[in-house]
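*Asks:* with the sequence up front, the predicted model follows.
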Amino acid sequence: MENVRGLMSAMLTHIPQEYHDYEHIKSIKGSVLQFLTDEFKRLGYEVSYALLDSANYGVPEHRERLVIIGHIGGRVPIPSPTHTPNGAHGTARWQTLRDAIGDLENRDDLHFIPLRPKCLPYMQMLKEGENWRQLPPEIAREAMGKAYMLTGGKTGFLRRLKFDEPAPTLVTSPTMPATLLCHPTRLRPLSTEEYARIQQFPDTWKFHGPIEAVYRQIGNAVPVGLGYAIGHQIMEHIAGRIDMHEEERNRAPYSRYRNTTDFEFSRLFERRKKQHRKTLSA
C-alpha cells in the first residue's frame, strides 16, 4: 500500500461496535495507522512501513509517500536508500531536474498550460530557483495579494525550479498559485513531457485525454523508481535473497522526517498512549 504522509498523524474519531476494543486509542494522533497495522497482523501479516522520499531511490523528484508492506511469512525489511544528496554511505548522488529534462529545454513542440496572465510580469523578474521572496518588498506584496499575510513558508508561490536539485513533488496542475512549477529558464510551467520524464515514464508512453487530464494522470502516479525499489525488495524477500539486517546497517535517512518507520513509530505511539491515559485520568 502507499498513501500520503498525513496517514501517520490521522486519528480515529469514530469506532464501530465491531471494533470496540480500539476505543482506548481513539483520538490519539496516529491511531488510524495503528488500527490498520494491528488489523493486518490479526489476519496473519507481518507489517513493515516507512515514509520514503522518492529522491532517495533515484527519482529526480522529492515525493514522500508512506509505503506499507504486509507479508504472510516474514517481515519485509524497508529498502535502503540508493541515493543521497552528496552520495554518502556508499550511495549515488540524487538525480536532478537537469538530469531528467535538461535536453528538452530548447524544444518547441512541448505541451503545457500557459502561465496565468496575472503572474507573467512577476515571473519575468525571477531567476532560476527564485520565488516571490526575491521580488522587491512592495512588488512582492502586490504580487501575492491576500496570500502575502498567510503563515508558513509559501515557497510554492511564483516559484521557478532549480535545475541542479530534484524537482519538488509534482502536483496535478503546475499553474496553481500556491504550487507553481515554473520551468527554471523558460516563461512557462513544466510541460506534460517533462512531467513524464520526472516521474520516469518512458518517452514512448502515450497519455490520452485533455491536457488537464494528462497532468493529473502523471502527477498522481507513484514514480517508477520508487515503485521499482519496493517491488524489487519484495521479490528479493520472496526469493530468500534479502538481508534481514538491512535496516540495522542502513545509515541513510529514509526521508527528512523522524519516527516514520514502523519500529520508530510504534515506540512513539506507545508514548502517546501513555500520555493520553494520563490526560484522561487528570
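*Replies:* Good, I have the coordinates.

*Asks:* okay, now residue 253: neighbour count?
*Replies:* 15 (other C-beta atoms under 10 Å). C-betas here are computed from N, CA, C, even on glycine.

*Asks:* could you check how far it is from residue 89?
*Replies:* 10 Å (C-beta to C-beta, to the nearest Å).

*Asks:* how about residue 185?
*Replies:* 33 Å.

*Asks:* so how far is the helix of greatest length in the chain from its chain's centroid?
*Replies:* Identified as the longest helix of the chain according to DSSP state H is helix 262-281. Here helix 262-281 shows a centroid-to-chain-centroid distance of 26 Å under the convention C-alpha atoms, centre = their mean, to the nearest Å.

*Asks:* and what of stretch 40-52?
*Replies:* On C-alpha atoms, centre = their mean, the centre of stretch 40-52 falls 20 Å from that of its chain.

*Asks:* with stretch 103-117 instead?
*Replies:* 25 Å.

*Asks:* show me the chain divided up by domain.
*Replies:* The chain breaks down into these domains under automatic domain parsing: 2-94+223-281, 97-219.

*Asks:* end-to-end on stretch 121-139?
*Replies:* Taking C-alpha to C-alpha, to the nearest Å, stretch 121-139 runs 11 Å from one end to the other.

*Asks:* ok, and what's touching that stretch?
*Replies:* 115, 140, 143-144, 154-163, 165, 182, 184-185, 187 (C-beta atoms under 8 Å, 6 or more residues apart in numbering).

*Asks:* buried residues, that stretch. List them.
*Replies:* 122, 123, 126, 130, 131, 132, 135 (16 or more other C-beta atoms under 10 Å).

*Asks:* now stretch 13-22
*Replies:* Buried, per 16+ other C-beta under 10 Å, within stretch 13-22: residue 15.

*Asks:* and what about residue 10, helix, strand or coil?
*Replies:* Using DSSP: H, G, I helix; E, B strand; the rest coil, the structure places residue 10 in coil.
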